[in-house]
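> got a predicted structure here, sequence first:
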Amino acid sequence: MKVTPLRIVAFAFVAGLLGLVAGLWINGPGPLLGTEFGQRMLNDSLVAATPTPEGVPVAKRGETIPAVSIATLDGGTLRLPDAYAGQPVLINLWASWCGPCIEEMPELDRYAREQGTGGTQVLGIALDDAEAVQDFLQRIPVGYRIALDAPGPADAGVLLGNPRGVLPYTALVSADGRLLKQKIGPFQHGEIDDWAAP
């Protein structure tokens, strides 16, 4: 049998595919989900598998996010993307009862402090009861802004591209209001810096 460049490429492709399948079989999807490609695949499959109520706009990568109005802790209203016009914002959806959400909060707080007022802003949106959030923040305070929304079929998470409601969920929105990236699951220590880098 004659070895041609096409056969070499085909062999390499099959070997790589078998390696990927073996890696997923042995290690589970964790390493793949840690990549931007894996996150895109996961989010796209969740969006495709989750029907949203008619008339509820769901953000898509590269497009301007729909208008989102959420309550602030002081009883005011915050409107996205207008509230952060001209600045990129990392929006993290969480709840006081969500273990992985709580684990990543120190990392989000560190990132927010390092960004200061001129860098990427951090906004936490708690899909939770206001009293539970206030009690939680008394025990575990953070320096970034926290807002509230009631969980449901048209909550802030759904509008920001997470119709399945998986928590934690993070959306990176550009200075001009476009959805740039999405992450399902918690950030590990130091991961946000590379993930949110332009």
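Sure, I can see it.
> if we ignore the residues flanking it in sequence, what's nearest P168?
C101 (4.3 Å; CB to CB, 6 or more residues apart in numbering). The way it works is simple: take the backbone N, C-alpha and C, and place the C-beta from them, glycine included.
> how close does that neighbour sit to H189?
Look at C101 and H189: by CB to CB, to the nearest Å, they are 15 Å apart.
> got it, and L180?
From L180 to H189 the distance is 22 Å (CB to CB).
> out of the two, which sits in the busier spot?
Using other CB atoms under 10 Å as the criterion, L180 and H189 rank with L180 on top: 14 against 9.
> tell me the phi and psi of the more buried one?
Dihedral angles of L180 (phi, psi; degrees, to the nearest 10) stand at phi -100, psi -50.
> from P81, how far off is it?
Distance of L180 to P81, given as CB to CB: 12 Å.
> list residues touching both of the two?
Shared contacts of L180 and P81, defined by CB atoms under 8 Å, 6 or more residues apart in numbering, are found at V173.
> how many neighbours does D74 have?
So D74, with other CB under 10 Å, has 5 neighbours.
> I'd like the distance between it and R145.
Distance from D74 to R145, by CB to CB: 11 Å.
> do L78 as well
For L78, the distance to R145 equals 8 Å [CB to CB].
> overlap in contacts of those two?
Overlap of the contact sets of L78 and R145 (by CB under 8 Å, 6+ apart) consists of 72, 123.
> state whether Y111 is indeed within a helix.
Yes: if the criterion is DSSP: H, G, I helix; E, B strand; the rest coil, then Y111 is within a helix.
> I figured it hits W195, correct?
No: the pair Y111 / W195 is not scored as a contact, 9.6 Å apart, by CB atoms under 8 Å.
> who's more crowded, those two?
Between Y111 and W195, counted using other CB under 10 Å, Y111 has the larger neighbour count: 22 against 17.
> counting neighbours, what do you get for the closest residue to that one other than its chain neighbours?
With CB to CB, 6+ apart as the criterion, Y111 has its nearest non-adjacent residue at 4.5 Å, and that residue is I192. The local packing of I192 (other CB under 10 Å) involves 25 other residues.
> which helix or which strand is home to I192?
Using DSSP states H and E, I192 maps to helix 191-195.
> tell me what that helix is packed against?
helix 99-115 (3 or more CB pairs under 8 Å, 6 or more residues apart in numbering; DSSP states H and E).
> quick one, the helix or strand following the helix it packs on and helix 99-115 angle?
Sequence order places strand 121-127 as the next helix or strand after helix 99-115, per DSSP H and E. For strand 121-127 against helix 99-115, the angle between stretch directions is 160 degrees (axes from the mean of the first three to the mean of the last three CA atoms, to 10 degrees).
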